[in-house]
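Chemist: I'd like to go over a predicted model; first the sequence, then the structure.
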Amino acid sequence: MSRKPGEFSFEKALAELEGLVEKMEQGELGLEESLKHLERGIALTRACQKALVEAEQKVQLLTSGRDGPELAPFSADDSED
């Protein structure tokens, strides 16, 4: 599936967010640059959260068909047997 030039990419947004966090954790940025990074990070976080919610809704729609299986909560404890 091809993407349009301005289309959102979850993976790219997450990588950019990780890069911003690394730069800020180094503690070498000035106040203004830190604020710009924080503002961009918040925007990226919101965009990623929105994409995750939309993906979750799509999965629920796809798996909740009348003939499809019912969803059950995942438990990490159940998979370690």
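Modeler: Everything's here; your move.

Chemist: so what's L29 up against?
Modeler: K23, H37 (C-beta atoms under 8 Å, 6 or more residues apart in numbering). (Each C-beta comes from the backbone N, C-alpha and C, glycine too.)

Chemist: pLDDT at G68, what is it?
Modeler: Turning to G68, the model gives it a pLDDT of 56.

Chemist: can you count the residues close to the closest residue to F10 other than its chain neighbours?
Modeler: Distance criterion C-beta to C-beta, 6 or more residues apart in numbering; nearest residue to F10, sequence neighbours excluded, is A51 at 4.8 Å. Neighbour count for A51, taken as other C-beta atoms under 10 Å: 15.

Chemist: for L29, see how far away A51 is.
Modeler: For A51, the distance to L29 equals 27 Å [C-beta to C-beta, to the nearest Å].

Chemist: likewise G41?
Modeler: G41 sits at a distance of 12 Å from L29 (criterion: C-beta to C-beta).

Chemist: does the residue positioned nearest the centre of the chain lie in a helix or a strand, and which?
Modeler: Central residue of the chain (C-alpha atoms, centre = their mean): C48, 3.4 Å from the mean position. Assigned by DSSP states H and E, C48 belongs to helix 31-63.

Chemist: need phi/psi at L17.
Modeler: In terms of degrees, to the nearest 10, the main-chain angles of L17 are phi -60, psi -40.

Chemist: which residue sits closest to it, ignoring its sequence neighbours?
Modeler: L44 (4.5 Å).

Chemist: that neighbour: neighbouring residues, count only.
Modeler: 18.

Chemist: ok so, going back, wait, what's in contact with the residue nearest to F10?
Modeler: So A51 contacts F8, F10, A13 (C-beta under 8 Å, 6+ apart).

Chemist: from these, which land in helices?
Modeler: The helices, defined by DSSP state H, take in F10, A13 from these.

Chemist: quick check: the residue nearest to F10 vs E32, distance?
Modeler: Per C-beta to C-beta, A51 is found 29 Å from E32.

Chemist: again with L20
Modeler: 15 Å.

Chemist: neighbour count winner among these two?
Modeler: Neighbour comparison, L20 and E32: the larger count goes to L20, with 20 against 8 (by other C-beta under 10 Å).
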